[in-house]
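J.: 3D, please:
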Amino acid sequence: MPPLKTQPNAEMVAFEHIDALNKCDWNRLMAQYPEEVLFILPNAPGSRGAAISATCSPLLQGTQGCGLKAPPHRREVKTVGDTVSSSWRVEALWLAEPYKGGDAYETERRLMYAQVTTFNPADMKFKK
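T.: Just a heads-up that it's a prediction; the model follows:
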């Protein structure tokens, strides 16, 4: 795992997460997650710590990975304390239509400690 890299504030933690996904940058993505991190996904058990790497790797590799773009929409972001909530839209050349969802990023000490997401690859519509 890469060394941890803090961000200036909670909102920048969320935007670093999105930008690292958009740029398929595994090191930047993992540098936000301390060992205690928890991802809560629909229809799946939560992922903790180093297991997050296995959850994120498919998003950054192969036909269902690089090329994924989640354009930031600042008007759809709300920050309360150290929690950032955001709706998003994912676009990719290999998607038949944009995929929409939302996340809540719980930060602490300027790192990502938990993410609650509606992201479910089974709901994505792929080009044939």
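J.: quick one: strands adjacent to the helix or strand containing Phe39?
T.: Per DSSP states H and E: Phe39 is located in strand 38-40. Sheet pairing of strand 38-40 (DSSP bridges) gives strand 47-48 (antiparallel), strand 111-117 (parallel).
J.: May I ask you to name the longest helix in this structure?
T.: Longest helix in the chain, counting residues (DSSP state H): helix 10-22.
J.: what helices or strands is it leaning on?
T.: Of the remaining helices and strands, those touching helix 10-22 by 3 or more CB pairs under 8 Å, 6 or more residues apart in numbering; DSSP states H and E are helix 26-30, strand 77-80, strand 83-90, strand 99-108, strand 111-117. Yep, even glycine has a C-beta here, placed from its N, CA and C like the rest.
J.: Give me the distance from it to the chain's centre.
T.: Relative to the centre of its chain, helix 10-22 is centred 8 Å away, using CA atoms, centre = their mean, to the nearest Å.
J.: Return the set of buried residues in that helix.
T.: Residues of helix 10-22 classed as buried: Ala10, Glu11, Val13, Ala14, Phe15, Glu16, His17, Ile18, Ala20, Leu21, Asn22 (neighbour count, 16 or more other CB atoms under 10 Å).
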